[in-house]
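K.L.:
Here's my sequence, what's the structure:
(2 chains)
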There are 2 protein chains.
Amino acid sequence: MEFVIYMVKKINLKEKFSLFGDQWSPKIIAEIDDFHLKLAKLKGEFVWHSHNDEDELFLILKGTLNIQLRESELVLNEGELAIIPKGMEHKPICNEEVEVLLLEKKTIINTGNIENKKTIKELEWI
Amino acid sequence: MEFVIYMVKKINLKEKFSLFGDQWSPKIIAEIDDFHLKLAKLKGEFVWHSHNDEDELFLILKGTLNIQLRESELVLNEGELAIIPKGMEHKPICNEEVEVLLLEKKTIINTGNIENKKTIKELEWI
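P.N.:
Numbers count the residues shown, from 1 in each chain, chains lettered A, B, ... in the order given. As a prediction, the model looks like this:
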């Protein structure tokens, strides 16, 4: 006989952000069906990229994030979110550190169609 | 020839919460692949229910939400989240109004396996 025990724990976002300092390195904090919920700290400039198969949600928890698109740009402040649809090229930029919550299918690669030194193939759980 | 124009807009959570007042009636604010992102205002007591096929994320944006489980309970404050796995019975309760962000597969029904006067079959987009 096999018992499966589900432990449901609450997750405090501030506590989770206190556990890491590296930027552009999303950490997985939860899974919901085939999605991962992640936290990231961003500062500076990322690469232009797109995700062929995954929409990408950015919810800003601290700071201001600029997401450049080819024809426009988004300026997201705390309490604001945007969803970049699959296939759309985008490039996040910020002068000051931003704390962001990301939501994406588990299959996503952070740099999408580009592979470079910022590419992370196995994200860490915290 | 067909042109598809993606307009990516930012979404401000406070603005969206200002657009409705009804409680226990989640409003869809965005879709991410096969998921809906929703906002809800809760006050009082919901019904015991479970969702057979969908995990359910609760992220508290204002107030304190108690989620009763059969063997324990969660007390979620602002900036805290929990994921109720599919199949797990749960019952949200709160004395004061709570503002919550929900994330769930599009197929979910708010009252899960129970159908009663709180059941909403077609959620409104705001």
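
K.L.:
which residue ends up closest to the midpoint of chain A in space?
P.N.:
Compute the mean C-alpha point of chain A, and by CA atoms, centre = their mean the closest residue is residue A:102, 3.3 Å away.

K.L.:
So residue A:101, which state does it fall into?
P.N.:
strand (DSSP: H, G, I helix; E, B strand; the rest coil).

K.L.:
quick one: it and residue A:46, what's the gap?
P.N.:
17 Å (CB to CB, to the nearest Å). The C-beta positions use only the backbone N, C-alpha and C, and glycine is treated the same way.

K.L.:
who's more crowded, those two?
P.N.:
residue A:101 (22 against 19; other CB atoms under 10 Å in any protein chain shown).

K.L.:
contacting residues around the more buried one?
P.N.:
A:13, A:37-39, A:57-59, A:61 (CB atoms under 8 Å, 6 or more residues apart in numbering or on different chains).

K.L.:
Which members of those occur in strands, if any?
P.N.:
A:37-39, A:57-59, A:61 (DSSP state E).

K.L.:
So among the residues you listed, which ones count as buried?
P.N.:
A:37-39, A:57-59 (16 or more other CB atoms under 10 Å in any protein chain shown).

K.L.:
show me where pLDDT drops low in chain A?
P.N.:
Scanning chain A with the threshold set as pLDDT under 70 gives A:1-6.

K.L.:
and it, which of its residues are near chain B?
P.N.:
Applying CB under 8 Å from any CB of the partner chain, we find that chain A lies next to chain B at A:6, A:8-14, A:30-33, A:35, A:37, A:54-57, A:69, A:72, A:74-76, A:79-86, A:88, A:103-105.

K.L.:
Could you pick out the buried ones from the residues you listed?
P.N.:
Buried, going by 16+ other CB under 10 Å: A:8, A:11-13, A:30, A:32-33, A:35, A:37, A:54-57, A:69, A:74, A:76, A:79-86, A:88, A:103-105, out of the residues of chain A next to chain B.

K.L.:
Three-state assignment for residue A:44, please.
P.N.:
Going by three-state DSSP: residue A:44 is strand.

K.L.:
Is it in contact with residue A:23, as I believe?
P.N.:
Yes: Residue A:44 is within contact range of residue A:23, at 7.2 Å (criterion: CB atoms under 8 Å).

K.L.:
Kindly reformat the ones in strands among the contacts of residue A:101 as JSON lines containing distance to residue A:121.
P.N.:
Shown next, in JSON lines, are the ones in strands among the contacts of residue A:101 (distance: CB to CB, whole Å):
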{"residue": "A:37", "distance to residue A:121": "19"}
{"residue": "A:38", "distance to residue A:121": "14"}
{"residue": "A:39", "distance to residue A:121": "19"}
{"residue": "A:57", "distance to residue A:121": "21"}
{"residue": "A:58", "distance to residue A:121": "21"}
{"residue": "A:59", "distance to residue A:121": "24"}
{"residue": "A:61", "distance to residue A:121": "25"}
